[in-house]
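A.B. asks: I need the structure of the sequence given here:
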Amino acid sequence: AATALVEAVLLGGGGEQHVDVVLCADLIYGDEKTASALVETLCAVVAPGSDATIISLHERRLYGDGGISFLTMLEERGFHLAEVALPPLPPPWPLEGSTGGLMGTEEEGEGGQQSHSQSPPAVDEREFFVLREITRSS
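C.D. replies: Got it, this is the predicted structure:
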């Protein structure tokens with residue numbers, strides 16, 4: 001029977017404990033200091049040539065260096081980066097004919113009654129996120 005162990009690793013930590021899978025969520029901020037600490041942490045837990053996979057999902061950053069320093073440092077340390085296409089995301093607003101919802105707004109209708117209107121975003125939210133599979137060569 002397979003077993004799994006889940007542990008949090010602090011940025012800059014890791015201490016040579018090798019893992020099979022690393023999940024990174026929203027860890028790219030566009031500054032070299034944070035990028036360097038994250039790369040050092042990943043180097044400590046993902047051995048060169050291992051079968052370990054890093055899955056990273058983050059927003060496309062428009063400030064700082066946009067995460068370029070992180071990606072460059074990873075490649076310099078022998079990591080291979082592959083962007084993965086995101087599947088369509090479900091809408092966060094109510095669908096036509098539904099009542100209430102996350103993005104619905106209340107407006108006063110005829111006779112003082114409240115009515116709901118929906119305002120779906122004009123852009124595909126997948127444009128704001130990047131999903132990458134990252135592996136480390138020997």
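A.B. asks: export the helix or strand that contains residue 130 to PDB, keeping only CA atoms.
C.D. replies: Assigned by DSSP states H and E, residue 130 belongs to strand 129-136. Output of strand 129-136 as PDB, limited to C-alpha atoms (Å, rounded to 0.1, in the frame of the first residue of the first chain):
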ATOM      1  CA  PHE A 129      -2.800  32.600 -14.200                       C
ATOM      2  CA  VAL A 130       0.200  30.400 -15.200                       C
ATOM      3  CA  LEU A 131       0.400  26.700 -14.400                       C
ATOM      4  CA  ARG A 132       3.800  25.100 -14.800                       C
ATOM      5  CA  GLU A 133       5.200  21.600 -14.400                       C
ATOM      6  CA  ILE A 134       8.900  21.800 -13.300                       C
ATOM      7  CA  THR A 135      11.300  18.900 -13.200                       C
ATOM      8  CA  ARG A 136      15.100  18.800 -12.400                       C
END
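A.B. asks: partner strands of it, with direction?
C.D. replies: Using DSSP bridges, the strands paired with strand 129-136 in its sheet are strand 53-59 (antiparallel), strand 79-84 (antiparallel).
A.B. asks: who touches that strand?
C.D. replies: Strand 129-136 has contacts (CB atoms under 8 Å, 6 or more residues apart in numbering) with 42, 46-50, 52-60, 74, 77-86. Where you see a C-beta, it was placed from the backbone N, CA and C, and this is true even at glycine.
A.B. asks: narrow those residues to just the buried residues.
C.D. replies: Among the contacts of strand 129-136, those that count as buried by neighbour count (16 or more other CB atoms under 10 Å) are 42, 46, 52, 54, 56, 57, 58, 74, 79.
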